[in-house]
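Chemist: Coordinates for the following, if possible.
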Amino acid sequence: MGIYSNHFSHIYVEHKATDYAFCSHFLDKYPSSEIIYIDNYKDVFFRSNQSFDMQKRSKSWILAVKTNNFIYDGSHFAQDAGYHNFFYNTLSHNCLYDCSYCYLQGMNPSANIVSFVNIEDYFNATKAAISQRKVLEHPLFLSLSYDTDLLAMENSIPYCSSWIQFAYDNPDFLGEIRTKSSNFKSIDNLAPTKRILLSWTLSPKKIVDLHEHDTPSFQNRLSSINQAVEKGWLVRLCFDPVLAIDGWKDLYEDCVSKVFDTLPCTEIMDATVGTFRMSSDYLRLARKRRPQFGLLQQDWEVRDRVVSENHSKMEEVNTFMVELLSNWLPRNKISCWI
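Modeler: This is a model prediction of the structure:
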């Protein structure tokens, strides 16, 4: 398990979760963990007086059955990249990684991982949404990794491969798997499909070292992306958030140059650019829970209960990144979060 060897000594399992194949598959991966059976995951995940920071250093995993809300309308915090019929789902709460800018630090009361094992209920809800989508000439676009990194946990619970199989059978579906992982090998045995979009977040090495804790290196991500491109998968590059630290322009120039020294630009579907943003309520809690993260303590601008870069800095970042990426990609393949 590498960097996760200190985690998951305890696994909480809802009694009703044991009826599902994902549960037994998962438990087979952790034969040495102590299994604690519970009635409802919320009794553990939402209990009072938890230390988010301590849990980040030694996580537990909770297997549960989701009972409703298997699909949501797309969030304004996420980029739809021009797609109509934009939705997202929540297959897991929390992430194996520990990025200092992550909104999950303020959204969730616990840093433990919750994974929902009743995947067929998600499939059924998605099929219903496909049939009811408003713009019939476009597929339903579903963000599959909005609250987690599915590819990072694929060796433990095979969400990605399951949704790829779903995509094979549903022509009016387009699913996006957003990741910082270098774990492409976990789905390398599957045939690529134009109904799944693999979206990698990329940051300069200095940003990775300072702010993307426990994540694969820039170089390892790039290698994984290259493998996906060579296999024929749809690939999106996400420079989000672009963090305007000292010397940021030089850092991102070097980063993007290295990306396209490795990847054939003609094989990249598109790229997205974004800056730091978070609900002001989430930031207030994240600051309290993670005081060691200086990025959270910065004096961000607040507009409509959203914290972000001020408008002029956001424009500067977006303009710079678009011009930079335009050296390799057509302008219509680059979108910005505003």
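Chemist: now stretch 282-293, how far from the centre of its chain.
Modeler: 20 Å (C-alpha atoms, centre = their mean, to the nearest Å).
Chemist: Check stretch 57-72 too.
Modeler: Worked out by C-alpha atoms, centre = their mean, stretch 57-72 lies 15 Å from the chain centre.
Chemist: looking only at pLDDT, what's the mean for that stretch?
Modeler: For stretch 57-72, the mean per-residue pLDDT is 96.
Chemist: Also stretch 177-186?
Modeler: Per-residue pLDDT over stretch 177-186 has a mean of 98.
Chemist: and it, which residues are buried?
Modeler: Neighbour-count burial for stretch 177-186, counted by 16 or more other C-beta atoms under 10 Å, picks out Ile177, Arg178, Thr179, Lys180, Ser181, Ser182, Asn183, Phe184, Ser186. In this view, the C-beta of every residue, glycine as well, is placed from N, C-alpha and C.
Chemist: What are the boundaries of the helices in the stretch 101-250 of the chain?
Modeler: Here the stretch 101-250 of the chain has its helices, by DSSP state H, counting those that start in this stretch, at 104-107, 119-131, 159-168, 205-211, 218-231, 248-262.
Chemist: and the third one, what other elements does it pack with?
Modeler: Counting contacts by 3 or more C-beta pairs under 8 Å, 6 or more residues apart in numbering; DSSP states H and E, helix 159-168 is packed against helix 119-131, strand 173-179, strand 196-201.
Chemist: at 10 Å what do you get?
Modeler: Applying 3 or more C-beta pairs under 10 Å, 6 or more residues apart in numbering; DSSP states H and E, we find helix 159-168 packed against helix 21-29, helix 119-131, strand 140-143, strand 173-179, strand 196-201.
Chemist: Out of those, which gets nearest to Ala286?
Modeler: strand 196-201 (18.8 Å; C-beta to C-beta).
Chemist: what are the pairing partners of that closest one, and which direction each?
Modeler: Here strand 196-201 is paired, per DSSP bridges, with strand 173-179 (parallel), strand 234-242 (parallel).
Chemist: and it, what's its mean pLDDT?
Modeler: 98.
Chemist: likewise stretch 89-100?
Modeler: 97.
Chemist: Can you get me the start-to-end distance on that stretch?
Modeler: 23 Å (C-alpha to C-alpha, to the nearest Å).
Chemist: Run the chain-centre distance for it.
Modeler: On the basis of C-alpha atoms, centre = their mean, stretch 89-100 sits 7 Å off its chain's mean C-alpha point.
Chemist: go on, stretch 172-189?
Modeler: 11 Å.
Chemist: Start and end of it, how far apart?
Modeler: Length of stretch 172-189, first residue to last, C-alpha to C-alpha: 24 Å.
Chemist: Glu14 is nearest to which of the strands paired with strand 196-201?
Modeler: Among the strands paired with strand 196-201, strand 173-179 sits nearest to Glu14 (C-beta to C-beta), with 25.5 Å.
Chemist: tilt between that closest one and helix 119-131?
Modeler: Interaxial angle of strand 173-179 relative to helix 119-131 (axes from the mean of the first three to the mean of the last three C-alpha atoms, to 10 degrees): 130 degrees.
Chemist: tell me the two of the buried residues of stretch 177-186 that are most distant?
Modeler: Maximum distance among those (C-beta to C-beta): 15.6 Å, for Arg178 and Ser186.
Chemist: Next, format the helices of the stretch 101-250 of the chain as CSV and append mean neighbour count and distance to Asn40.
Modeler: CSV is the format used below for the helices of the stretch 101-250 of the chain (neighbours: other C-beta atoms under 10 Å; distance: least, C-beta to C-beta, whole Å):
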stretch, mean neighbour count, distance to Asn40
helix 104-107, 21, 20
helix 119-131, 17, 17
helix 159-168, 20, 22
helix 205-211, 18, 35
helix 218-231, 18, 37
helix 248-262, 16, 44
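Chemist: Would you mind giving those helices as TSV with distance to Lys66 added?
Modeler: Putting the helices of the stretch 101-250 of the chain into TSV (distance: least, C-beta to C-beta, whole Å) gives the following:
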stretch	distance to Lys66
helix 104-107	17
helix 119-131	7
helix 159-168	13
helix 205-211	31
helix 218-231	29
helix 248-262	36
